[in-house]
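Trainee: attaching a predicted model along with its sequence, questions to come.
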Amino acid sequence: MKVAVFSTKSYDRQFLEPANTNFGHELVFFEPQLNRDTAVLAAGFPAICAFINDQLDAPTLEILAAHGTRLLALRSAGFNHVDLSVAADLGLTTVRVPAYSPYAVAEHTVGLMLTLNRKFHRAYYRVREGDFSINGLMGFDMRDRTVGIVGTGKIGQVVGQILQGFGCHILGYDVYPNEEFKALGGKYVELAQLFAQSDIITLHCPLTHETHYLIDESAIAQMKPGVMLINTSRGALVDTNAAIEGLKSRKIGYLGLDVYERESDLFFEDMSDEIIQDDEFERLLTFPNVIVTAHQAFFTSNALQNIAETTLSNITDFEQGRHCPNEISAKQKTKTPA
């Protein structure tokens, strides 16, 4: 099947091309993001392959459908960037990669916690410059801290397993309780209780209308003073302006982000010679207790291999007329992602 692969980086080709030897699709790689201005590049392609910051809104989908596209193959778990209702109306099938490596994201999540706590990043630069003082690097024991996990799918479950090894007390909130999370000792509570009792709060839920700005001024007000907040899920779960105010008031003592609500204009690109126009993002970077990574939590060789193989398998299912277990529809209820 002829597939237009958008938002291509060198590492995408590194994994997609070898994996494709088992499937035989015709992959054509495009570096630009997919949006209403670039959709014409897919003319004549029955399938497109999109990533998380591609914009599959109504105008883009209409152009794709008009030029012969029938399949939207997402190489991601999240699909909040796709207008599924419009896709369905246009007869477009949408498939995704629901699970690639929960360990990759979970391990990055805990890495952010440890770096914020023990300030590895600051110690690294001090020692390289011959500064061996440890003033300002004090952290706290993870043992006996209470960690609230919002979203207890596979990623949240693995985060809980790792933190259990540190001796943390694990709270969880999810509209779809996970028996395996309970089995590892996690305790489900209401969201307000999780906010009030947790020393560390980490987000692992999908972005929906209900979870948009889940962390806003009201939510932050319910949290412990000096709380650590981690988001490796979707950027718009957190109201950035509210988080900045929380940092200024010291209600938020530590903030670790691998995602950002307006990341599509920034992440996955080298902006080091550019003047970044996003003032809220720039303000975040001024805080000494904030760490931002550029949506790299998924970025392990294991995950990229799984993404490539599942994406190509999804395309093959569609091409051969088989039911694809990873197909999504406008009516599908969104569970916490892997």
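Mentor: Here it is on my side, so go on.
Trainee: any chance you could map the strands in the protein?
Mentor: Remark: strands assigned in the chain by DSSP state E are 2-5, 26-29, 47-50, 71-74, 93-95, 146-150, 169-173, 187-188, 200-203, 227-231, 252-257, 290-292, 327-328.
Trainee: need the winner for burial among the ones you listed.
Mentor: Stretch with highest mean neighbour count among the strands of the chain: strand 47-50 (a mean of 28; mean count of other Cβ atoms under 10 Å). Glycine gets a C-beta too; all of them are placed from N, C-alpha and C.
Trainee: partners of it in the sheet?
Mentor: Looking at strand 47-50 with DSSP bridges, its partner strands are strand 2-5 (parallel), strand 71-74 (parallel).
Trainee: what's in contact with that strand?
Mentor: With contacts defined as Cβ atoms under 8 Å, 6 or more residues apart in numbering, strand 47-50 is touched by 1-7, 27, 34, 42, 56, 64, 69-76, 81-82, 311, 315, 318.
Trainee: who's I328 bridged to?
Mentor: I328 has these beta-bridge partners by DSSP bridges: T94.
Trainee: and it, how far is that from A104?
Mentor: Taking Cβ to Cβ, to the nearest Å as the measure, I328 falls 22 Å from A104.
Trainee: what does Y176 give?
Mentor: According to Cβ to Cβ, Y176 stands 22 Å off from A104.
Trainee: those two: which is more packed in?
Mentor: Neighbour count, other Cβ atoms under 10 Å: between Y176 and A104, A104 has more, with 22 against 11.
Trainee: that one: what's it in contact with?
Mentor: Contacts of A104 by Cβ under 8 Å, 6+ apart are 297-300, 302-303.
Trainee: okay, domains of the protein per the record?
Mentor: When the chain is parsed with automatic domain parsing, its domains come out as 2-100+301-328, 102-292.
Trainee: could you pull up the residues touching the closest residue to L255 other than its chain neighbours?
Mentor: Nearest in space to L255, with sequence neighbours left out and distances taken as Cβ to Cβ, 6 or more residues apart in numbering, is V290 at 4.6 Å. Shown in contact with V290 (Cβ under 8 Å, 6+ apart): 247, 254-257, 284.
Trainee: pLDDT wise, what is the residue of the chain positioned farthest from its centre at?
Mentor: If you look at how far each residue of the chain sits from its centre, by Cα atoms, centre = their mean, the farthest one is G130, at 36.6 Å. At G130, the pLDDT value in this model is 98.
Trainee: poorly predicted segments of the stretch 1-150 of the chain, please.
Mentor: The stretch 1-150 of the chain contains no residues with pLDDT under 70.
Trainee: and the helices in it, which stretches?
Mentor: 10-19, 58-66, 84-89, 102-118, 120-128 (DSSP state H, counting those that start in this stretch).
Trainee: ok, back up a step: the contacts of A104: which two are farthest apart?
Mentor: Greatest spatial distance in the contacts of A104: A297 and N302, 12.9 Å, computed using Cβ to Cβ.
Trainee: those two: which is more packed in?
Mentor: Set A297 next to N302 and count neighbours by other Cβ under 10 Å: A297 wins out with 23 against 11.
Trainee: so where is the stretch 201-338 of the chain shaky, pLDDT-wise?
Mentor: Within the stretch 201-338 of the chain, the stretches with pLDDT under 70 are 331-338.
Trainee: hmm, try it at 90
Mentor: Low-confidence segments of the stretch 201-338 of the chain, defined by pLDDT under 90: 265, 329-338.
Trainee: in the protein, which residue is most central in space?
Mentor: S233 (3.6 Å).
Trainee: surely that one touches G153?
Mentor: No. When contacts are counted by Cβ atoms under 8 Å, S233 is not listed as touching G153 (10.1 Å).
Trainee: returning to that earlier point: so what's the residue nearest to the centre of the chain up against?
Mentor: Counting by Cβ under 8 Å, 6+ apart, S233 touches 151, 155, 203-207, 259, 337.
Trainee: remind me, longest helix of the protein?
Mentor: When the chain is parsed with DSSP state H, its longest helix is helix 301-319.
Trainee: check the offset of it from the chain's centre.
Mentor: 18 Å (Cα atoms, centre = their mean, to the nearest Å).
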